[in-house]
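Participant: Sharing a model that was predicted from the sequence below.
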Amino acid sequence: MATVVLQGDLARRCTGGLTELEVDAADYRELMSRLGERYPALVEAVRTHTAVAIDGEIFQDPLLEPIGPHSEVHFMPLIGGGAPPVRRLG
Amino acid sequence: MGNEKLHLDTHQFKVVGTRPVRPDGVDKVTGRAAFGADFTLPGMLCGQVVRSPHAHARIRGIDTSAALALPGVRAVVTAADLPDLPSEVSTGGESPINFRYVSLNVIARDKVLYEGHAVAAVAATSPAIAAAAAALVEVDYEVLPHVIDVLDAMREDAPVLHEDLYTSGVEPKPAQASNVAARTGFTLGDTAQGFAEADIVVEREYSTAAVHQGYIEPHAAVASYAADGMATIWCSSQGQFMVREFCAKLLGMDVGNIRVIPAEIGGGFGGKTTVYLEPLAVALARKSGRPVKLVMTRGEVFRATGPTSGSHVRVKIGAKKDGTLVAGEMVLKYQAGAFPGSPATLGGMTGFAPYDIPHATAECWDVVSNRPKCAAYRAPGAPMAAFGVESALDELAQLLGMDPIELRLKNAAKEGTRTLYGPKFLRIGYAETLAAAHAHPHWSAPLGPNQGRGVASGFWFNIGGPSSAAVHVNEDGTVEVVTGNPDIGGSRASMAMMAAEVLGIEVGKVRPMIGDTGQIAYSFLTGGSRVTFATGKAVIEASEAVVAQLRARAAKLWKVEAGEVEWRDGHAHCTKTDEAREPLSLRQIAHSAGKTGGPISGAVSINAAGAGPGFGTHLCDVEVDPETGHVTVLRYTAIQDVGRAIHPAYVEGQLQGGAAQGIGWALNEEYVYDAQGRLQNAGFLDYRMPVCSDLPMIDTVLVEVPNPGHPFGVRGVGEVPIVPPLAAVANAVSRAVGLRQTQLPISPPRLLAQLDSKGR
């Protein structure tokens, strides 16, 4: 089971304060689907403005990235750098 | 000392790491390079933007009739000529940007929110007529109270800029609109517990001024609009695809009906990652039926384009007696300018990132005020946070009697360290930069009277993202590399070098080019220290696709399997042991390409992941004139983990440029407003950026801890070097005068007042 770790603010708003969630998923899309069944507000909250870190690697526009059975997943703000934060494939 | 390079791995390259002459150099030094304002078209009109003289006012009405009646005037546009976009953040595959704010910043609709805010634009047959017409546009203003400072803007009785802006991220949701757009926060561990464990705590408030990116080239755009609804834009920006997307949104056009042709860019530093003139030029061209050029003056650049935020930051750090950090707390209040969107959150994510602190929090506030909307500036948000944290660490080192580099080394983040924003670091090279700084002769050189030495570090994430590249082999064996990213920091040379490395040919045989939006597939803009990493990855993959074709063509000629052909040193080698074949060069294979299957080329589009974070450590020596308060930077050394320097001279240039900009931020640069909220120093004479005579030669040390996420080990390098200088300079001044510097810029009058108040 992968572990999804949430910042306190997000947990308070979306999971009743739970900051660690165990989820069985093979990739990011499946992870969001599983989370959506239990915490729809969380999925809505991270749908925009949010990048994801899977085992320390940051993905700005995730969908099919694989998630291992012992992966650690964090949601975090998009990082635009010297650029407005855009998540878009042309 | 000059420039040094420390290799921490043994991978051997033939082209990467060399210093060939830059392919764009001759054009730039001879003046042949065409920048945004250099384009002209037959029948082109000259445009001028009408701007608000008020910091805050309601627009009761705009009368353009007198301007339109002036002979030679062909069009006048106001916000009524652009769609009134809804206030919503685009979602899903769209960009998370509120395009209503972008649109209202390009041209005001109901209110002007800062001096210089555009309210109309005119197009005429000459610049003189355009200027006369602009003066004839009558705007009926109801002047409103204004607010400039971020702390003033947060007060309950402050004039409110947006009646529909309610603070997000606070509970319960506010009942009243305010200038506080958002609160975000990060928590790691339990700071109450951490501070309880501390033997020593330092806490101070720090402030920085809004500073402009200071690019030499003002914004400029030429637009044409064809009868079939196709717009073409020639402009200087950090991303032709960004201009296309933003203009499509703001003008209500299809992306496919806009072509953007990138000009050379005379500096951007993040400030050209949005649009200002481009939609107005298209609107004027659409209305007049003629091409239109708009060019900003320097005053317009200062008044109407994004600086980065001014900030107020409170930092509290707790440590054990041996220097082990146990807790950290940051509260960051950043000016967004007239519309929400300051980089406060990024400040909160970056400030403590270089350190392994078990208990930490960051609280970040995004605040609007009557200033131009802030824009990205190298490592947006990070320098202000680092100024607070790195100053606090310097003070802590003094109180503990520790060497400030050893304090940092003791607490340096490394592979596996958990960040305040969540994930653990993969392979990083922060400690290596500290070790290099400690070993550098600069650190142990003697200091004289009134002199001080400062050290500070900085972090930036670096990003990847969508990038495209095409590699074409010409019939004579030369190669063209086409990418979709404007070359701001020398990326053309790096692209050519990476292609040459893969192809095994001389870099002089590779010609790098930047395609327009019709010539290359989508590429996210040049920013975030991403191009050499992400677009470089695309170039490497496209070059590898070409090598596969070259091997296949050689196999065809030799009548062997492609798997029996190896590509080495720019030649195909047959590995089939019973076949004696002379190697075939790229040139030979290219020459016969028509007979073996047609032209050889590779095109790749990727969404690059694996960007490696960057860390830097800077050393700064200053001398303070006690009579005037003037600070002279005597010596400066910038040390950075760059992963792999493709073209070391360019990488050194990035470090030097970032350091120079950071020194200006620390010592002189600031926006000065009068009581009416009007900018008083909108020119390079009064907005004091450092020039060559203000600076020593900035020495560099390139530490190379390869990024495992890139085939050649590249990490982005462009943003990290502006993060440490604010604190490096302030720490040096603090130690020189014995007074902790908490407010930037440390301008002569401000420092002299401090010295006088202490009776020095």
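Facilitator: Structure's in. What do you need?

Participant: C-alpha from now on. contacts and neighbour counts both.
Facilitator: OK.

Participant: could you measure B:Thr617 against chain A, distance?
Facilitator: Counting by C-alpha to the nearest C-alpha, to the nearest Å, the gap from B:Thr617 to chain A is 19 Å.

Participant: How about that residue, nearest residue that isn't a chain neighbour?
Facilitator: B:Ser457 (4.2 Å; C-alpha to C-alpha, 6 or more residues apart in numbering or on different chains).

Participant: Okay, and the one you found sits in which element?
Facilitator: strand B:451-460 (DSSP states H and E).

Participant: just checking, what packs against that strand?
Facilitator: Where contact means 3 or more C-alpha pairs under 8 Å, 6 or more residues apart in numbering or on different chains; DSSP states H and E, strand B:451-460 is packed against helix B:382-400, strand B:614-624, helix B:725-737.

Participant: Need the three-state assignment for the nearest residue to B:Met495 once chain neighbours are set aside.
Facilitator: The shortest distance from B:Met495 to any residue other than its chain neighbours is 5.9 Å, reached at B:Gly536 (C-alpha to C-alpha, 6+ apart). Here B:Gly536 is recorded as helix under DSSP: H, G, I helix; E, B strand; the rest coil.

Participant: Equivalent analysis for the one 10 residues further on, please.
Facilitator: Using three-state DSSP as the criterion, the local structure at B:Val546 reads helix.

Participant: give the contact list for it.
Facilitator: B:471, B:600-602 (C-alpha atoms under 8 Å, 6 or more residues apart in numbering or on different chains).

Participant: swap the cut-off to 10 Å and go again
Facilitator: Contacts for B:Val546 (C-alpha atoms under 10 Å, 6 or more residues apart in numbering or on different chains) come out as B:470-473, B:499, B:502-503, B:540, B:552, B:600-603.

Participant: Residue 19: how many residues sit nearby?
Facilitator: Unless you meant another one, I'm taking chain A. A:Thr19 has 17 neighbouring residues, counting by other C-alpha atoms under 10 Å in any protein chain shown.

Participant: actually chain B
Facilitator: B:Arg19: 14 neighbours (other C-alpha under 10 Å).

Participant: same thing with the one 10 residues further on?
Facilitator: Counted with other C-alpha under 10 Å, the burial measure for B:Val29 works out to 9 neighbours.

Participant: Following element in sequence after the helix or strand hosting it, please.
Facilitator: According to DSSP H and E, B:Val29 maps onto helix B:25-30. Under the assignment DSSP H and E, the closest C-terminal helix or strand after helix B:25-30 is strand B:45-51.

Participant: packing partners for that next one?
Facilitator: Using 3 or more C-alpha pairs under 10 Å, 6 or more residues apart in numbering or on different chains; DSSP states H and E as the contact test, the elements touching strand B:45-51 are strand B:73-77, strand B:118-124, helix B:127-136, strand B:138-143, strand B:220-225, helix B:278-288, strand B:292-295, helix B:298-304.

Participant: Please name the strands paired to the strand holding B:Ser457 in the sheet, noting orientation.
Facilitator: Using DSSP bridges, strand B:451-460 pairs in its sheet with strand B:614-624 (antiparallel).

Participant: Quick one: name whatever helix or strand follows the partner strand.
Facilitator: strand B:631-641.

Participant: For that following strand, which helices and strands make contact with it?
Facilitator: When contacts are defined as 3+ C-alpha pairs under 10 Å, 6+ apart, strand B:631-641 packs onto strand B:3-7, helix B:430-439, helix B:441-444, strand B:451-460, strand B:614-624, helix B:648-667, strand B:698-704, helix B:725-737.

Participant: Which of these has the lowest mean pLDDT?
Facilitator: When the helices and strands packed on strand B:631-641 are ranked by mean pLDDT, strand B:3-7 comes last with a mean of 68.

Participant: Just say helix, strand or coil for B:Arg371.
Facilitator: Judged by three-state DSSP, the three-state class of B:Arg371 is coil.

Participant: pLDDT value on it, please?
Facilitator: Reading off the model, B:Arg371 has pLDDT 98.

Participant: which phi and psi does the nearest residue to it once chain neighbours are set aside have?
Facilitator: What sits nearest to B:Arg371 in space, not counting adjacent residues and going by C-alpha to C-alpha, 6+ apart, is B:Gly337, at 4.6 Å. When quoted as degrees, to the nearest 10, the phi and psi of B:Gly337 stand at phi 90, psi -150.

Participant: Give me the neighbour count for B:Gly337.
Facilitator: When neighbours are counted by other C-alpha under 10 Å, B:Gly337 comes out with 29.

Participant: what's the answer for B:Leu751, then?
Facilitator: Counted with other C-alpha under 10 Å, B:Leu751 comes out at 25.

Participant: Quick check: B:Ala590 touching B:Gly570?
Facilitator: No - at 11.7 Å, B:Ala590 does not count as touching B:Gly570 under the criterion of C-alpha atoms under 10 Å.

Participant: So for chain A, the centremost residue is which one?
Facilitator: Centroid-nearest residue in chain A: A:Phe75, 4.1 Å away (criterion: C-alpha atoms, centre = their mean).

Participant: Perfect, that will be all.
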